[in-house]
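Undergrad: A predicted structure for the sequence below; I have some questions about it.
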Amino acid sequence: MPAADLLERPAPSAGRPVPPPRRPRWARRLRRDWVLLLMVAPAILVLAVFHYVPLLGNVVAFQDYSPYIGIAGSPWIGFANFERILTDPDFWDATVNTLTITAFQLVFYFPVPIGLALLVHSLLSPRLRMFVQSVVYLPHFFSWVLVITLFQQMIGGAGVLNQFLRSHGFSPVDVMTDPDLFLVLVTAQSVWKDAGWGAIVFLAALSTIDTSLYEAAAVDGAGRWRRLWHVTLPALVPVIVLLLILRLGEALTVGFEQFLLQRDAVGADTAEVLDTYVYFTGVVNSDFAYAAAAGLVKGLVGLALVLAANRVAHLAGEQGVYSR
């Protein structure tokens, strides 16, 4: 062995074993948490198969796709389908309807779960609180068919409301088929069905507030409304910002079944949204490539809204969906 190699090699410590090489951090975590990873593996598999693998099908948006010859045999047409979208008045009408419904529900529906959570949280009796929570959660598990049928029986042409009006000599009002009231109708249906379920997140946030803060505020002379404004609402701000960002990401997704079931009653001009537009264009009319392009545009716009809203949240000092 050359003398230079002997000089460069460090002498081993006498009586001290040489430690084994350290594994990378990800390998140590994998060995430590393999049981947890195995437990969530089925959920990850379902998410991958039903959410991420279908994303590969978006390639048909750039083809003149035909189901008879498949993706491999369909000719490429580039951005021709997206050019059709820019000049399609039906697409823009559906977009305007979708954004109008989103803006209306953001103002009149989004605050309802917050108020409902505050109301339920203020109940002193645990049994009464549990009963109220069970009652307001229950409609979330009803299908839209059942919800719309219930509204039809209550305020439809032959519903309870019109029977009462006729029996007292008043003219009936069919709310279910009035295009001018459709915006209020779908918002009321969404509030009745999902407001209780949406309050769960806010109730969880309220349960984490330290009760000593309320006691200190009461000692300082703060009344109920002062404690609500200076203690409760600041604790809810991070959750409100997070859900608001996620709601903006779904600005072009207001629902499918709810509008599909009521589309014929009020007309396509009023009830046509992007989800129903993609369905009728792609499935009913078999224009799969054009519908895929429309759906891809909707997804990209939603992603851009989430990133922009999250950036605004960071500038305002909130964490948002993900931290910087």
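TA: Noted; the coordinates are in hand.
Undergrad: Provide the secondary structure category for Gly221.
TA: When classified by DSSP: H, G, I helix; E, B strand; the rest coil, Gly221 comes out as coil.
Undergrad: For it, grab the count of nearby residues.
TA: Using other Cβ atoms under 10 Å, Gly221 has 7 neighbouring residues. (Glycine included, C-beta is placed from N, CA and C.)
Undergrad: now do His314
TA: 14.
Undergrad: go on, Ile245?
TA: The local packing of Ile245 (other Cβ under 10 Å) involves 22 other residues.
Undergrad: does it count as helix, strand or coil?
TA: Strictly by three-state DSSP, Ile245 counts as helix.
Undergrad: so how far is Val301 from the closest residue to it other than its chain neighbours?
TA: Leaving aside its chain neighbours, Ile245 sits nearest to Ala309 (4.4 Å; criterion: Cβ to Cβ, 6 or more residues apart in numbering). Distance, Ala309 to Val301, by Cβ to Cβ, to the nearest Å: 12 Å.
Undergrad: which one of those two has more residues nearby?
TA: More crowded of Ala309 and Val301, by other Cβ under 10 Å: Ala309, with 20 against 15.
Undergrad: Remind me which helix or strand the more buried one belongs to.
TA: Assignment of secondary structure by DSSP states H and E places Ala309 within helix 288-315.
Undergrad: Could I get the buried residue list for that helix?
TA: Under the neighbour-count criterion of 16 or more other Cβ atoms under 10 Å, helix 288-315 has 288-298, 302, 305-306, 309-310, 313 buried.
Undergrad: And the helices in the stretch 101-250 of the chain, which stretches?
TA: Counting by DSSP state H, counting those that start in this stretch, the stretch 101-250 of the chain has helices at residues 111-121, 126-137, 144-155, 160-167, 182-207, 211-219, 224-227, 233-249.
Undergrad: Mean pLDDT added to these, as CSV?
TA: Converted to CSV, these look like this (pLDDT from 0 to 100):
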stretch, mean pLDDT
helix 111-121, 88
helix 126-137, 86
helix 144-155, 91
helix 160-167, 88
helix 182-207, 89
helix 211-219, 82
helix 224-227, 83
helix 233-249, 83
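Undergrad: Select, out of these, the one closest to Glu272.
TA: Across these, Glu272 has its closest neighbour in helix 182-207 (11.1 Å, Cβ to Cβ).
Undergrad: The closest one: how far from the chain's middle?
TA: Chain-centre distance of helix 182-207: 12 Å, with Cα atoms, centre = their mean, to the nearest Å.
Undergrad: which residues are in contact with stretch 304-323?
TA: Stretch 304-323 is contacted from outside by 237-238, 241-242, 244-246, 248-249, 251, 324, using Cβ atoms under 8 Å, 6 or more residues apart in numbering.
Undergrad: Report the contact partners of Val239.
TA: By Cβ under 8 Å, 6+ apart, the contact list for Val239 reads 201-202, 205.
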